[in-house]
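[1] when you get a sec, could you give me coordinates for this:
(one chain, ligands or ions: 2)
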Amino acid sequence: MQSTDLISCLPAKEIYGILPKEVFAIAVDSRSVQLESVFICIRGYTVDGHDYAMQAIESGAKIIVSEKYLELDYTRVACIVVSDTTRAIGLLASKFYGYPSKDMTMIGVTGTNGKTSVSGILHNILLGLKENSSLTGTIGFNLNGQLYDSANTTSDALNTQLMIHRAKSEGCKTMIMEVSSHGLVLSRLAGVDFDVAIFTNLTHDHLDFHGTMEQYGQAKGLLFSQLGQDLQRAKHAIVNADDLWSERLKEMTCYPVWTYAIHQPAQFQGSNIQLQSNCTQFEMSTPEGIFPVRMNLLGEFNVYNALAATTALYTQGYSIPEILEQLEQIPPVKGRMERLDNELPISIFIDYAHTPDAIEKAISSVLPYKTNKLIFLVGTGGNRDRSKRPVMALKASVADYVILTTDDPRDESYESILSDLEKGMLHKNYACIGDREAAVKHAISISEPGDIIIFAGKGHEDYQIIGRTKYPHSDGDIAVLAGKVKFQDSPSRS
Ligand SMILES: CC(=O)N[C@H]1[C@@H](OP(=O)(O)OP(=O)(O)OC[C@H]2O[C@@H](n3ccc(=O)[nH]c3=O)[C@H](O)[C@@H]2O)O[C@H](CO)[C@@H](O)[C@@H]1O[C@H](C)C(=O)N[C@@H](C)C(=O)N[C@H](CCC(=O)O)C(=O)O
Ligand SMILES: Nc1ncnc2c1ncn2[C@@H]1O[C@H](COP(=O)(O)OP(=O)(O)OP(=O)(O)O)[C@@H](O)[C@H]1O
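    Ligands and ions are numbered 1, 2, ... in the order given. Reported below is the predicted structural model:
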């Protein structure tokens, strides 16, 4: 691409050196710089990318985008100084790839809990409708059924634009993106033109990063306030009317707002909900009438997620019957109240709950059909928001027996994580076991036929991060193996 054309999108404060005629790539990491490319210096939480400008030039960078003047050999390279290089990534990358988000229906899903679930439901319904759709979020980047790893729920702006470009090139009509509050605040979505913004809920999480719930909510609001760069197309904001933050979000957008809810009046409303161990039934009232729904997704929280997804697809012209026909067939989202299929006389659920609200929702989804003990295993990650730990244990206290353990302990000691959790326990029927594998085995060892066990926190993840190392770990595999040993003489299922 002509370099003068590319950089015309940047609000440059100063330009040093001579621009090359053309550039062929963009990089934000000096280790992945290609010949004749642009390198953008990012001040990170660990290192400062400006310190890697020389390394980038050695590898072939011809333009450096920086936040300050750098001592460089300006006979070899040009340097463009901007006030915010993080934002520059999205501007440059979207231009470089030809603004790919403008050519697809872009659906962004934000909220504390439910992003992966709503995104997965949308993706599966669209696939069922034979629409070519792609998805990016916590589980990775799903392009035509191929899953690519990603380090973050919302990737950096360069990778984000690259994924959108790839989805467009592969003929995708829709792209669904999980939008994290970190992603919004750190400009990872700069240059993405969303058509639909969905809000699930705002509850306690990530206060180590945002400071207060107000700032956390404002961060989520950026998806709504930034909705609609392309005035050619209709835009839609979709909010959960049962969540108080929705009123604030409504004020942040100038586009039509659609509501869904269970308790408050809404355009898409769930009622007469019956939670069962293998399905959920409810009535959905919509602008096209009232429809009975029976879906494989479990728990009341999934009624919210199904309502959000249905609303979004309705705004895109799909009829309610065709949406619901697909909704009824889709499998549970991996690791979200996923009931393990096994021959054991106990019911085992794997769930990704790692916030107080998600724990409350996970537990309440099994209470209607619980006949024996409910054993709940809860762990929290190390080096992250400590303030939510006691509240998570408090919510877990609704279970008959609680096992306090770790999630990804990272560099933090088991003792420090467990003592924070323990502060929230409301009864004494619990055990503290830092080693998660031992904790899972303990849950099985104390279970009796008819019991329900929920293993919360790891969900779809097949690893545990201890120190800086990722070890293979699967709650489900450990539990089923331990269960087979324990119950080998009584294999009937409850
Ligand atoms: C706190 C945070 O958000 N960190 C993100 C950040 O890492 P960082 O600031 O430490 O990066 P850094 O190592 O200092 O590097 C700074 C710059 O120097 C460059 N560099 C570095 C080394 C080198 O040799 N050469 C070089 O050029 C880097 O490429 C980078 O551009 O930039 C990385 C690359 O984009 C991210 O992967 C990383 O996310 C980490 C893994 C993370 O855990 N983030 C969490 C807090 C997060 O973002 N979570 C949200 C929410 C999830 C949820 O809702 O649950 C998410 O969207 O994932
Ligand atoms: N709509 C919802 N409301 C409340 N809790 C929910 C909702 N949807 C899912 N949950 C709970 O939150 C957990 C995580 O769900 P999900 O992965 O969909 O959320 P997420 O927003 O993508 O989370 P993360 O940002 O951590 O990846 C689920 O396992 C479930 O316990």
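[2] F209 against L184, yeah?
    No. Using Cβ atoms under 8 Å, F209 is not in contact with L184, being 11.5 Å away. Yep, even glycine has a C-beta here, placed from its N, CA and C like the rest.
[3] in the stretch 51-200 of the chain, which spans are helices?
    53-58, 85-96, 115-128, 157-169, 181-185 (DSSP state H, counting those that start in this stretch).
[4] show me what from the chain comes close to ligand 2.
    Applying Cβ under 6 Å from any ligand atom, one finds that the chain approaches ligand 2 through 111, 113-117, 138, 153, 178, 200-201, 301, 304-305, 336, 351-353, 357-358, 361-362, 459.
[5] export the helices of the stretch 51-200 of the chain to a markdown table and append columns for mean pLDDT.
    Shown next, in a markdown table, are the helices of the stretch 51-200 of the chain (pLDDT from 0 to 100):
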| stretch | mean pLDDT |
| --- | --- |
| helix 53-58 | 96 |
| helix 85-96 | 93 |
| helix 115-128 | 95 |
| helix 157-169 | 95 |
| helix 181-185 | 90 |
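[6] tabulate these (a markdown table), appending mean neighbour count and distance to L340.
    Putting those into a markdown table (neighbours: other Cβ atoms under 10 Å; distance: least, Cβ to Cβ, whole Å) gives the following:
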| stretch | mean neighbour count | distance to L340 |
| --- | --- | --- |
| helix 53-58 | 18 | 48 |
| helix 85-96 | 23 | 41 |
| helix 115-128 | 24 | 18 |
| helix 157-169 | 23 | 31 |
| helix 181-185 | 21 | 31 |
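[7] including distance to ligand 1, could these go into a markdown table?
    Formatted as a markdown table, the helices of the stretch 51-200 of the chain follow (distance: least, Cβ to the nearest ligand atom, whole Å):
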| stretch | distance to ligand 1 |
| --- | --- |
| helix 53-58 | 7 |
| helix 85-96 | 9 |
| helix 115-128 | 7 |
| helix 157-169 | 8 |
| helix 181-185 | 4 |
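[8] these: which one's closest to L324?
    Nearest to L324 among those is helix 115-128 (9.1 Å), distances taken as Cβ to Cβ.
[9] show residues contacting that closest one.
    With Cβ atoms under 8 Å, 6 or more residues apart in numbering as the test, helix 115-128 has contacts from 107, 109, 133-135, 137-139, 142, 153, 174, 176-180, 198, 200, 297, 301-302, 305-306, 308-309, 312-313, 323, 325-327, 329-331, 333-334, 336, 352.
[10] report the buried members of the residues you listed.
    Taking 16 or more other Cβ atoms under 10 Å as the criterion, what is buried in the contacts of helix 115-128 is 107, 109, 133-135, 137-139, 142, 153, 174, 176-180, 198, 200, 297, 301-302, 305-306, 308-309, 312-313, 323, 326-327, 330, 333, 336, 352.
[11] ok, and the closest non-adjacent residue to whichever residue of the stretch 201-350 of the chain sits closest to ligand 1?
    Proximity of the stretch 201-350 of the chain to ligand 1 (Cβ to the nearest ligand atom) peaks at F209, 6.3 Å away. Nearest non-adjacent residue to F209, counting by Cβ to Cβ, 6 or more residues apart in numbering: H182, 6.4 Å away.
[12] swap in H460?
    Using Cβ to Cβ, 6+ apart, the closest residue to H460 is G335 (3.4 Å).
[13] and that neighbour, how many neighbours?
    23 (other Cβ atoms under 10 Å).
[14] what helix or strand does it sit in?
    Per DSSP states H and E, G335 falls between elements, in no helix or strand.
[15] which ones are touching it?
    G335 makes contacts with I350, D351, Y352, K458, G459, H460, E461, as judged by Cβ under 8 Å, 6+ apart.
[16] ok, now with 7 Å
    I350, D351, Y352, G459, H460 (Cβ atoms under 7 Å, 6 or more residues apart in numbering).
[17] can you tell me which two in these are farthest apart?
    D351 and H460 (10.3 Å).
[18] identify the bridge partners of W258.
    I238 (DSSP bridges).
[19] now do it against Q281, distance only.
    For W258, the distance to Q281 equals 24 Å [Cβ to Cβ, to the nearest Å].
[20] low pLDDT regions in the chain?
    Within the chain, the stretches with pLDDT under 70 are 228-233, 489-494.
[21] nearest spatial neighbour of L249, chain-adjacent residues omitted?
    In space, L249 is closest to F224, 4.9 Å off (Cβ to Cβ, 6+ apart).
[22] okay, and which of the contacts of G335 map to helices?
    Secondary-structure check on the contacts of G335 using DSSP state H: no residue lies within helices.
[23] then stretch 379-393 to PDB, C-alphas only?
    The C-alpha coordinates for stretch 379-393 follow below in PDB (Å, rounded to 0.1, in the frame of the first residue of the first chain):
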ATOM      1  CA  GLY A 379     -11.700 -21.200  42.900                       C
ATOM      2  CA  THR A 380     -10.400 -17.800  42.100                       C
ATOM      3  CA  GLY A 381      -7.400 -16.700  40.000                       C
ATOM      4  CA  GLY A 382      -4.300 -15.300  41.500                       C
ATOM      5  CA  ASN A 383      -2.900 -11.800  40.800                       C
ATOM      6  CA  ARG A 384      -6.400 -10.500  39.900                       C
ATOM      7  CA  ASP A 385      -9.300  -8.600  41.500                       C
ATOM      8  CA  ARG A 386      -9.100  -9.800  45.200                       C
ATOM      9  CA  SER A 387     -12.200  -7.900  46.300                       C
ATOM     10  CA  LYS A 388     -14.500 -10.300  44.600                       C
ATOM     11  CA  ARG A 389     -13.200 -13.400  46.400                       C
ATOM     12  CA  PRO A 390     -15.200 -13.200  49.700                       C
ATOM     13  CA  VAL A 391     -18.300 -12.300  47.700                       C
ATOM     14  CA  MET A 392     -17.900 -15.300  45.500                       C
ATOM     15  CA  ALA A 393     -17.600 -17.600  48.600                       C
END
